[in-house]
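Peer 1: The following block contains a protein sequence and its predicted model.
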Amino acid sequence: MLWYKAWLETRSRFLASLCGATLIVWFFAHHAESLTLPGPRANIYTRNVVFYSHQYLMFVWILCAILLGMGGLIRERAIGASSFTLALPVSRTRLVVVRIAVGLLEAIALGVVPWVAICLIMDSYGKPVLLSQAAFYLGLLISGGLIYFALAVMTASLVENEYTAPAVAYGITILMIVLCGNIAWLRPYADLWRFMGGDNHLNKGTFFLSGPFPWSGAIAALAVTTVLLATSVWLIQHTEF
Amino acid sequence: MFFKLTPNAGQPLYLQLMEQIRHAVETGALRDGDLLPGIRTLAEKLVVSANTVVKAYAELEHEGLLELRQGAGAFVKLRRRSRSSPASIQNAGSLIRDLIERLRDDGLLDEEIRRAFEAELLYQRVEMRK
Amino acid sequence: MATAPAIETRHLTKKYRNALAVCDLHLLVPRGCVTAFLGCNGAGKSTTIKMALGMVRPTAGEASVLGTRVSDIRASCRTRQRIAYVAENKPLYGYMTPEQLMRFASSFYADWRPEVAAKLLGEYALPPDRKVKSLSKGMRTKLALLLALARRPDLLILDEPSEGLDPVGIEHLLQTIAVCSAEGVTVFFSSHQIAEVERVADRICILDKGRLLLNASLDDLRESYRCIDVTFPSVPFEREFQISGVEKIRTSGRQMRVLASRNAEAVVERAQQFHAVSIDVAPVSLRDIFLQTVQEG
């Protein structure tokens, strides 16, 4: 039933985000030919639909994943509902872990569903997308992007105000993107934005992602996510309500 | 049965309840074999803790005025002569009435009379203990 | 385990940055009783309850509930199965409907009684499918009470349960407490309303500024607390009346007022030794006891 609660708590945000993200990819797919975007015209579908819709999807995805990471026990404490939750015969760890797990699943769905949509739409237009390309982008999006989700969860474990918490999370995210993209020695290791966007693997001529999937980078990113989430659990375990 | 408990009186609620049950028996409002309300029902009706009712019933059973039957409830039992007979109670009533009248004639207020009674009762208890 | 007190605290202390919320509290709440936890607003009642439930960590000391030490997190988690708690704040989950909330709560507790829940839902006239956030404060209070009262826990903890209820609601609540006590539930409820407490409670604990000023049975209080007004031809020294049980002595002219927590007989006897002209013995209401202890403490 904790899953049910977490679902009810987040479903409106999740469904709204899902609609938003899917609308964006639909827009790109539908207007693929009329969009004028930088790059060669040779592979216009690969370029406009796959690459550029991914860039915008990525932006929206991060925005929404942070929203999905909001809420939880600290927010409930501010409202006063945490006394009910904490009186349940359930450990705090389980309360937090279930809440995070639901958020994670929703964040993953928020990546998978739009990509499935792209594939289906393009299929119906007779311009099928290579599944390997879709999987490549999706892998990058989720493995890298979950760091932002974890960051949001951690912020929500520290800041209780309904508006301050997302503001802080967005602030940190923007700061991270700007700093990691502009400080020369950080760029090769920490430019999450480029990693997620697939820029490192993009063939500028064909607009295909080429080369092997960056497993080491993905695993490193997931490790950071795990550490952030574990820290959040620890924080909640040691919070007073 | 009607009971009226006053939380402000300087008397535990279970004693008040005991007295009112005793009184009901003495005046005939409760007859031999009558069933008293269940603990839960009476506690809910009087809005008192169940312990108040339990204690009153148990003490009255101890005195022999009630019989508690498991699962069935509390029954009034009048086999022995009740502690003060209706006659002696009536007698006491008229004695006290006379006394109160005399005290009122002496200009004492009812409240003063009540307190004097209580002080004397307390004093009697001290004397009895010696 | 059955004989373990419902709540027991030893040296329980909570210090917030610059304020002492609870100070060296030794509280013992026996099983099978209705215990009222009285105190002014901000006396530390909620903090004490939250420490007993493991929501707030004590600065010092420890608490046990139903024989389980609160610091033992795993065991406490299991013990919560036997505790129902209604917090001071009752916003619950705004995004659920009462029906969803009942389904949610019932899944955690083995002692959930669906028929009682349905009955209470009707009695409280709660709309089952409106979102909780759109309910009035009184309705949310009723819903929070329903979630606790639909169970049959060993221990029911209510923190200011009557807040936001109308007089009818309060009466109903007190009746429910009486019924709970008849079902063998230990009830511990905090309040700052003496009128609520004095009928239904077996025991009262008075907390003021984080300190326990009184923990006694109401029967004892009623039986033994007396205010004795004595008039003398010439007033004796107050110290003549400082015998055990005497809490407070005041003299005014030829009159003396003695507040005794017990031993009123001895005071009367002493007064007679000093040839008292009149002796007035009056019971002390809980309200007076509360005000006297809190003002002195």
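Peer 2: Everything's here; your move.
Peer 1: Count the residues that sit near A:Leu23.
Peer 2: The burial count assigned to A:Leu23 is 13, neighbours taken as other CB atoms under 10 Å in any protein chain shown. For every residue, glycine as well, the C-beta is placed using N, CA and C.
Peer 1: I'd like to know which helix or strand in the chain has the lowest mean pLDDT.
Peer 2: No chain was given, so I picked chain A. For chain A, using mean pLDDT, DSSP states H and E, the weakest element among its helices and strands is helix A:44, scoring a mean of 72.
Peer 1: Give me the contact list for it.
Peer 2: A:Ala32, A:Glu33 (CB atoms under 8 Å, 6 or more residues apart in numbering or on different chains).
Peer 1: buried stuff in stretch C:85-100?
Peer 2: Neighbour counts over stretch C:85-100 (16 or more other CB atoms under 10 Å in any protein chain shown) mark C:85-93, C:95-98, C:100 as buried.
Peer 1: near chain B, from the residues you listed?
Peer 2: Restricting these to those near chain B by CB under 8 Å from any CB of the partner chain leaves nothing, as none qualifies.
Peer 1: If we ignore the residues flanking it in sequence, what's nearest C:Cys205?
Peer 2: Leaving aside its sequence neighbours, C:Cys205 sits nearest to C:Asn215 (CB to CB, 6 or more residues apart in numbering or on different chains; 4.6 Å).
Peer 1: so is the one you found in a helix, a strand, or just coil?
Peer 2: State at C:Asn215, reduced to three classes by DSSP: H, G, I helix; E, B strand; the rest coil: strand.
Peer 1: Poorly predicted segments of chain B, please.
Peer 2: Counting by pLDDT under 70, chain B has low-confidence residues at B:79-86, B:125-130.
Peer 1: again, only this time at 80
Peer 2: Applying pLDDT under 80 to chain B flags residues B:1, B:9-10, B:71-72, B:78-90, B:119, B:122-130.
Peer 1: Pick out the residue in chain A sitting closest to chain B.
Peer 2: With distances taken as CB to the nearest CB, chain A approaches chain B most closely at A:Ala87, which sits 23.9 Å away.
Peer 1: helix/strand/coil for the nearest residue to that residue once chain neighbours are set aside?
Peer 2: Using CB to CB, 6+ apart and skipping residues adjacent in sequence, the residue nearest A:Ala87 is C:Tyr85, 4.3 Å away. Secondary structure state of C:Tyr85, per three-state DSSP, is strand.
Peer 1: ok but A:Lys127 is inside a helix, no?
Peer 2: No - looking at A:Lys127 with three-state DSSP, it is coil, so not inside a helix.
Peer 1: tally of neighbours for the closest residue to it other than its chain neighbours?
Peer 2: The spatial neighbour of A:Lys127 that comes closest, neighbours along the chain excluded (CB to CB, 6+ apart), is A:Tyr45 at 5.0 Å. The burial metric for A:Tyr45, expressed as a neighbour count using other CB under 10 Å, is 17.
Peer 1: again, but for the one 5 residues further on
Peer 2: As a burial measure, the neighbour count of A:Val50 was computed by other CB under 10 Å and equals 28.
Peer 1: Which residue ranges of chain A form strands?
Peer 2: All residues of chain A lie outside strands when identified by DSSP state E.
Peer 1: now chain C
Peer 2: C:7-16, C:19-29, C:34-38, C:60-65, C:68-69, C:83-86, C:155-159, C:186-191, C:203-208, C:211-217, C:226-231, C:246-252, C:255-260, C:278-283.
Peer 1: quick one: whatever residue of chain B ends up closest to chain C from chain A, how far?
Peer 2: Each residue of chain B has a distance to chain C, by CB to the nearest CB, and the smallest belongs to B:Gly10, at 2.0 Å. Summarising the geometry, the distance separating B:Gly10 from chain A, computed by CB to the nearest CB, to the nearest Å, is 38 Å.
Peer 1: before we move on, back to that, got TSV for the buried residues of stretch C:85-100, with pLDDT too?
Peer 2: Below are the buried residues of stretch C:85-100 laid out as TSV (pLDDT from 0 to 100):
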residue	pLDDT
C:Tyr85	96
C:Val86	95
C:Ala87	92
C:Glu88	88
C:Asn89	83
C:Lys90	84
C:Pro91	84
C:Leu92	91
C:Tyr93	93
C:Tyr95	94
C:Met96	95
C:Thr97	95
C:Pro98	96
C:Gln100	95
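Peer 1: of these, closest to chain B?
Peer 2: C:Val86 (18.3 Å).
Peer 1: I figured that closest one hits C:Leu145, correct?
Peer 2: Yes - using CB atoms under 8 Å, C:Val86 is in contact with C:Leu145, at 5.9 Å.
Peer 1: joint contacts of the two?
Peer 2: Shared contacts of C:Val86 and C:Leu145, defined by CB under 8 Å, 6+ apart, comprise C:Leu158, C:Pro161.
Peer 1: so where do the strands sit in chain B?
Peer 2: In chain B, strands defined by DSSP E lie at B:35-36, B:66-69, B:73-76, listed in chain order.
Peer 1: and the residue of chain A closest to chain B, what does it touch?
Peer 2: A:Ala87 is in contact with C:Leu53, C:Arg80, C:Ile83, C:Ala84, C:Tyr85, C:Ala87, counting by CB under 8 Å, 6+ apart.
Peer 1: Let's see that with 7 Å instead.
Peer 2: Taking CB atoms under 7 Å, 6 or more residues apart in numbering or on different chains as the criterion, A:Ala87 is in contact with C:Leu53, C:Arg80, C:Tyr85.
Peer 1: So which bits of the stretch 51-200 of chain C are right by chain B?
Peer 2: Contact residues, the stretch 51-200 of chain C versus chain B (CB under 7 Å from any CB of the partner chain): C:Leu174, C:Gln175, C:Ala178, C:Val179, C:Ser181, C:Ala182, C:Glu198, C:Arg199, C:Val200.
Peer 1: swap the cut-off to 10 Å and go again
Peer 2: C:171-185, C:187, C:194-200 (CB under 10 Å from any CB of the partner chain).
Peer 1: State which one residue of chain C is found closest to chain B.
Peer 2: Among residues of chain C, the one nearest chain B by CB to the nearest CB turns out to be C:Pro283. It sits 2.0 Å away.
Peer 1: doesn't C:Tyr225 make contact with that residue?
Peer 2: Yes - with contacts counted by CB atoms under 10 Å, C:Pro283 reaches C:Tyr225, the gap being 6.9 Å.
Peer 1: quick one: stretch A:104-121 to chain centroid distance?
Peer 2: Mean-position distance between stretch A:104-121 and its chain equals 11 Å (CA atoms, centre = their mean, to the nearest Å).
Peer 1: mind listing what's buried in it?
Peer 2: Of the residues in stretch A:104-121, those with enough neighbours to count as buried (16+ other CB under 10 Å) are A:104, A:106-111, A:113-115, A:117-119, A:121.
Peer 1: Save those as CSV, and put in distance to chain C and pLDDT too.
Peer 2: Written out in CSV, the entries for the buried residues of stretch A:104-121 read as follows (distance: CB to the nearest CB, whole Å; pLDDT from 0 to 100):
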residue, distance to chain C, pLDDT
A:Leu104, 20, 96
A:Glu106, 15, 96
A:Ala107, 19, 96
A:Ile108, 22, 96
A:Ala109, 19, 96
A:Leu110, 19, 96
A:Gly111, 25, 95
A:Val113, 22, 95
A:Pro114, 25, 93
A:Trp115, 29, 92
A:Ala117, 27, 91
A:Ile118, 31, 89
A:Cys119, 33, 90
A:Ile121, 33, 88
